[in-house]
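Undergrad: here is a sequence together with a model predicted from it:
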Amino acid sequence: MKYYEIDLNGETIKFRLTTADAVTLESKTNTKMMDLVMDYSHTTIATMIRYLRRSELDNFSDKDAYALIDKLIDNGYTIERIVYDIIFEALVVSGFLTKEQLEEVKKELKDSQEKVKAETKEALAK
């Protein structure tokens, strides 16, 4: 099975969403997967991390997900990076997104951030 892997302080952490876990996640949240991944709430992010880790660790709990998110943040990740650089990358490996779709989402985010910066700079210059 393919995984999206990151190295965190010398520890390899693997992420993958199996079909069985995707079905469980959709059933529990009553939300389609593609709608779910566009929800950036802490609850959804923690839930996604939990299910992305279950393919390697069957009993990975909500508490484990919270601890992992805190560990990621302690090591320089932001919520935005967790979403785009872990969750979305893992969804590519898991077959839920194509690499092209991921790059398009990242491009749209970057364009949006640049627009906000330019508008802010313009507003401050007035």
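TA: Structure received.

Undergrad: report the buried residues of the lengthiest helix in the chain.
TA: Using DSSP state H, we find that the single longest helix of the chain is helix 99-125. If you call a residue buried by 16 or more other Cβ atoms under 10 Å, then helix 99-125 has these buried ones: residue 105. Where C-beta positions appear, they are placed from N, C-alpha and C, glycine not excepted.

Undergrad: run through the neighbouring helices and strands of that helix.
TA: Here helix 99-125 touches helix 88-93, going by 3 or more Cβ pairs under 8 Å, 6 or more residues apart in numbering; DSSP states H and E.

Undergrad: and the helix it packs on, how far from the chain's centre?
TA: Centroid displacement of helix 88-93 relative to its chain, using Cα atoms, centre = their mean, to the nearest Å, is 8 Å.

Undergrad: just list what that helix packs against, helices and strands only.
TA: Helix 88-93 sits against strand 4-8, strand 11-15, helix 99-125, with contacts defined as 3+ Cβ pairs under 8 Å, 6+ apart.
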